[in-house]
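Asks: here are the coordinates; sequence isn't available:
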């Protein structure tokens with residue numbers, strides 16, 4: 001395993017976690033649903049703990065956790081963009097829309113978060129030596145939280161959007177069901193024909 005790239009992965013993951021602390025703080029300014037606010041507060045605390053864990057991992061492996069590579073600067077810019085979007089959303093008059101914007105942002109943040117930890121877990125499983133033990137210990141401490149945060153973010157996003165689309169949930173119209181496989185296998189003319197048929 002390329003140790004310089006492992007260092008880069010850990011530093012970018014740490015940068016993203018630090019950004020996610022601010023992202024969750026900004027998201028809380030968009031939460032009007034008390035259950036959602038409680039969820040995001042818990043996720044904020046978990047993320048703060050992940051920052052501490054990754055900082056300790058870097059220290060243990062002899063990596064300066066304060067070092068910022070070019071990749072880290074890009075990772076920070078992504079978090080800053082999400083934070084800026086959330087701060088704009090928090091000023092929206094439509095509080096329900098603000099919550100949906102926040103959910104969209106958190107799904108994006110947690111997708112990157114999940115990807116980073118999945119890579120760290122893969123490094124821990126594929127490597128031998130003291131680095132692997134340190135990485136495995138870190139993964140064991142966060143594994144359930146990382147998966148849980150992404151699935152919950154997606155779930156909230158879906159439910160808030162569905163609530164906004166219908167005051168009461170309709171029964172599914174089987175005639176409108178199109179599987180992902182059907183769309184993926186259709187050529188462009190087939191897609192256009194399907195769209196025309198639905199519009200007719």
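Replies: All right, it came through fine. These numbers were taken from a predicted model, which means no experiment stands behind them. Numbers count the residues shown, from 1 in each chain.

Asks: report the buried residues of stretch 133-143.
Replies: Of the residues in stretch 133-143, 134, 135, 136, 138, 139, 142 count as buried by neighbour count, 16 or more other CB atoms under 10 Å. C-beta here means a position set from N, CA and C on the backbone, and glycine is covered the same way.

Asks: same thing with stretch 83-100?
Replies: 83, 85, 86, 89, 90, 98, 99, 100.

Asks: nearest spatial neighbour of the fourth one, skipping sequence neighbours?
Replies: It refers to residue 89. Counting by CB to CB, 6 or more residues apart in numbering, residue 89 lies nearest to residue 101, which is 4.0 Å off, once chain neighbours are set aside.

Asks: does the one you found touch residue 86 like I think?
Replies: Yes - between residue 101 and residue 86 there is a contact at 7.3 Å, judged by CB atoms under 8 Å.

Asks: which residues do those two both contact?
Replies: residue 30 (CB atoms under 8 Å, 6 or more residues apart in numbering).

Asks: pLDDT weak spots in the chain?
Replies: For the chain, residues meeting the criterion pLDDT under 70 lie at 167-200.

Asks: can you pull out the helices in it?
Replies: Secondary structure of the chain (DSSP state H): helices located at 3-28, 34-60, 70-89, 95-126, 130-165, 180-185, 188-199.

Asks: out of those, which one sits most buried?
Replies: Of all the helices of the chain, helix 3-28 carries the top mean neighbour count, a mean of 21, counting by mean count of other CB atoms under 10 Å.

Asks: for that one, packing partners?
Replies: helix 34-60, helix 70-89, helix 95-126 (3 or more CB pairs under 8 Å, 6 or more residues apart in numbering; DSSP states H and E).

Asks: just send those helices back as TSV, with distance to residue 154 too.
Replies: Listed next are the helices and strands packed on helix 3-28 as TSV, based on distance: least, CB to CB, whole Å:
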stretch	distance to residue 154
helix 34-60	12
helix 70-89	16
helix 95-126	6
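
Asks: OK, contacts around the closest residue to residue 14 other than its chain neighbours?
Replies: Excluding its sequence neighbours, the residue lying closest to residue 14 (CB to CB, 6+ apart) is residue 54, at 4.3 Å. Shown here is residue 54, whose contacts under the criterion CB under 8 Å, 6+ apart are 10, 13, 14, 17, 65, 138.

Asks: next one: the fourth one from residue 164, what distance?
Replies: Relative to residue 164, residue 17 is positioned 30 Å away (criterion: CB to CB, to the nearest Å).

Asks: any idea how far residue 28 is from residue 110?
Replies: Taking CB to CB, one finds residue 110 at 15 Å from residue 28.

Asks: ditto for residue 122
Replies: The value you get for residue 122 to residue 28, if CB to CB is used, is 32 Å.

Asks: quick revisit: can you tell which of the helices and strands packed on helix 3-28 is closest to residue 2?
Replies: Checking the helices and strands packed on helix 3-28 against residue 2 by CB to CB gives helix 95-126 as the closest, at 10.2 Å.

Asks: and that closest one, how far from the chain's centre?
Replies: 1 Å (CA atoms, centre = their mean, to the nearest Å).
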